[in-house]
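In: one predicted model, sequence on top.
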Amino acid sequence: MNKKIGFIGAGKMAQAMIEGIIKSQLIPKENVMASANSEKTIEIIEKTYGIFTTLNNRDIAGYADILILAVKPELYVNVIKEIKNEIKPSAIIITIAAGISLMDIEQTFGFQVKAVRTMPNTPSLVGEGMSAICANTYLDESEISEVERLFHTFSKTERLDEKLMDAVPAISGSSPAYVYMLIEAMADGGVRQGIPREQAYRLAAQAVLGAAKMVLETGKHPGELKDNVCTPGGATIEAVVTLEEKKFRGSITAAMESCTNKVKNLI
């Protein structure tokens with residue numbers, strides 16, 4: 001891909017994306033540039049990834065064919081106003097923040113702009129991310145595919161209608177936090193039974209990883225896979241019954257609903 005990639009903002013998510021892009025060799029690192037608001041951050045980025053950096057967001061805007069806005073939701077308006085007169089007419093603008101709609105982007109720029117709304121997640125740090133993507137009408141299919149190729153360097157992708165994007169953090173963006181809590185709770189249960197802490201974490205984490213791969217690779221319904229583990233009169237069904245009694249499913253869906261409601265009111 002012969003494109004110049006610019007990042008405005010260089011936090012953990014941006015760094016995960018930069019690392020994936022560089023490791024994949026899809027784009028040479030000489031074609032990747034990032035800005036940050038502190039000298040310390042850009043020094044870390046330069047040292048770690050060997051890319052060009054700057055403290056000036058306008059430099060990035062004028063440089064990039066694909067411009068990734070990797071700042072907090074509340075900073076989007078100010079950043080766009082700062083850079084809108086510097087971007088290339090053909091530039092693709094990518095957002096990665098929850099609650100920022102395509103219309104928000106278009107209205108803040110004040111003119112026609114190729115905008116893509118995405119929601120990646122933190123497992124992108126280990127190349128196992130999931131990113132939801134939707135684009136406005138100013139991109140053609142080849143341009144959307146180009147964005148997907150870029151995101152495939154650190155994550156899987158799913159295209160969604162924009163009306164569904166506010167629900168993505170609950171199921172994909174924020175959900176790693178729920179899974180970490182599950183792993184921690186499973187490990188605590190193991191420690192309670194005498195298993196050393198580090199071994200308990202490995203046992204729990206690998207079980208979660210393996211279960212997820214079973215869902216993805218077998219194509220079977222999660223309920224069927226669950227049933228396959230529950231032998232009649234066995235220990236697993238006892239655990240499942242206890243989870244149902246403690247409203248395990250209800251707690252997860254309630255958490256997702258509260259997450260989605262928060263996303264809708266971020267800005």
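Out: Arrived safely, thanks for sending. Numbering: from 1, shown residues only.

In: alpha carbons only for contacts and neighbour counts from here, please
Out: Fine.

In: just checking, residue 6 touches residue 29?
Out: No. When contacts are counted by C-alpha atoms under 8 Å, residue 6 is not listed as touching residue 29 (11.1 Å).

In: between the two, who's got more neighbours?
Out: Neighbours per residue (other C-alpha atoms under 10 Å) separate residue 6 from residue 29, with residue 6 holding more: 28 against 19.

In: from the chain's centre, how far out does whichever strand or helix holds that one sit?
Out: Element membership for residue 6, per DSSP states H and E: strand 5-8. Distance, stretch centre to chain centre, for strand 5-8: 16 Å (C-alpha atoms, centre = their mean, to the nearest Å).

In: need the contact list for residue 56.
Out: Each residue near residue 56 by C-alpha atoms under 8 Å, 6 or more residues apart in numbering is listed here: 35, 36.

In: how about a cut-off of 10 Å?
Out: 8, 34, 35, 36, 37, 83 (C-alpha atoms under 10 Å, 6 or more residues apart in numbering).

In: between these, which is nearest residue 97?
Out: residue 8 (12.4 Å; C-alpha to C-alpha).

In: that closest one touches residue 62, doesn't it?
Out: No. Taking contacts as C-alpha atoms under 10 Å, residue 8 lies outside contact range of residue 62: 11.6 Å.

In: which neighbours do those two share?
Out: Residues within reach of residue 8 and of residue 62 at once, by C-alpha under 10 Å, 6+ apart, are residue 83.

In: between those two, tell me which one has more neighbours.
Out: Taking neighbours as other C-alpha under 10 Å, residue 8 and residue 62 compare with residue 8 leading, 27 against 18.
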